[in-house]
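Trainee: sequence first, predicted model second:
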Amino acid sequence: MGTGAADLAVPSAQELEQLEGLALELALEAGRLIVDERPDDLGVSHTKSTATDIVTVMDQRAQDLLRSRLHSARPQDGFLGEEEGGADTRSQITWVVDPIDGTVNYLYGIPSYAVSVAAVVGDPATAGAWRPVAGAVVNPVTAESFHARLSGGAWRRVASGPDEALRLGEPPELGQALVGTGFGYDARRRVWQGRVLAEVIGQVRDIRRIGSAALDLCAVAAGSLDCYFERGLNAWDMAAAWLVVTEAGGAVTGLAGAPPSGAMVVAGAPLLHGALERVLRAAVEAVGAEIG
Ligand code: IPD
């Protein structure tokens, strides 16, 4: 894996358990904040620019909450969030957080958005030089939480119910697979993504575009999507959910043996992942790797 993410030292089993617990606790708290303080009429009664500003304010507030809680609990750790403001690490851990993944859904009141909190080792700003070791993804509207730690399994919890272990079963053939994907904010990238999708869509059961990469990946782990791919993800979109998928027995990579990165993320049960990766590689070759 690139500069050796697989070789990075990982925390002890006891510390991993603490990191997972902290990630879940804080993702739940930030989730309550973004739901409780979201104006009911966000998508309708504000001008578009005002509504977008409110979303930005809520993103920033949720990130500030996560950052200050993490700083109190583990002052030595680094921090990388979607909103402005990073911090270097003096420990082996950096927290990679997305305060609202699925921002457009949040704006429109579509109940598919999440808080994602991950503890990673390595440098999350460099593809292939980091890996998640613990994390949680919380959909605060459905009260569904996903959490995982390295070698600790992947888990789903609804509200305060019991944890249910996630384990990927035998996948369908690619032709019978329900495939999740997403599109970037930049129109040129979306056009490229649409052209790649046109190469893929005839070879699968159907496509879903749910609007939160973190929830898409967790849906793969939970079996409500068979597999997923997307170009253009940031570390914070995928960090926690990547681990949920791999701990459920799935594979998460880029193309042609590359690590998952902004260039491409492909996820699914190993056999299906391999089939999707081959189709995507051919699609990218047909369309051209350049976005234009
Ligand atoms: C976005 C969502 C979306 C994906 C985009 C991401 P954000 O994250 O995960 O599903 O298609 O690529 O940027 O901006 O809502 O945190």
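Mentor: It's in.
Trainee: and the residue of this structure nearest the ligand?
Mentor: residue 182 (2.3 Å; Cβ to the nearest ligand atom). (C-beta placed from N, C-alpha, C; glycine too.)
Trainee: how close does that residue get to residue 197?
Mentor: 10 Å (Cβ to Cβ, to the nearest Å).
Trainee: what do you get for residue 162?
Mentor: Going from residue 162 to residue 197 by Cβ to Cβ gives 38 Å.
Trainee: so between the two, which is more surrounded?
Mentor: More crowded of residue 162 and residue 197, by other Cβ atoms under 10 Å: residue 197, with 18 against 8.
Trainee: can you list the low-confidence ranges for the stretch 151-292 of the chain?
Mentor: By pLDDT under 70, the low-scoring segments of the stretch 151-292 of the chain are 292.
Trainee: which residues in it form strands?
Mentor: Taking DSSP state E, counting those that start in this stretch, the strands of the stretch 151-292 of the chain run over residues 154-158, 164-166, 178-181, 206-208, 227-230, 251-253, 265-268.
Trainee: out of those strands, deepest packed?
Mentor: Compared across the strands of the stretch 151-292 of the chain, strand 265-268 shows the largest average neighbour count, a mean of 28 (mean count of other Cβ atoms under 10 Å).
Trainee: wasn't residue 96 part of a strand?
Mentor: Yes. Residue 96 forms part of a strand when assessed by DSSP: H, G, I helix; E, B strand; the rest coil.
Trainee: residue contacts, the residue nearest to residue 177 when sequence neighbours are not counted?
Mentor: In this structure, residue 177 finds its nearest non-sequential neighbour in residue 226, 3.9 Å apart by Cβ to Cβ, 6 or more residues apart in numbering. Residue 226 makes contacts with 171-172, 176-179, 205, 220, 268-269, 272, as judged by Cβ atoms under 8 Å, 6 or more residues apart in numbering.
Trainee: just residue 235 next, same as before
Mentor: Residue 235 makes contact with 80, 96, 120, 124-125, 130, according to Cβ under 8 Å, 6+ apart.
Trainee: mind putting those into TSV with neighbour count, distance to the ligand and pLDDT?
Mentor: Below are the contacts of residue 235 laid out as TSV (neighbours: other Cβ atoms under 10 Å; distance: Cβ to the nearest ligand atom, whole Å; pLDDT from 0 to 100):
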residue	neighbour count	distance to the ligand	pLDDT
80	22	14	95
96	28	12	97
120	28	17	97
124	23	15	94
125	13	17	91
130	25	19	96
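Trainee: what is the most widely separated pair among the residues you listed?
Mentor: Greatest spacing in the contacts of residue 235, by Cβ to Cβ: 120 and 125 (10.7 Å).
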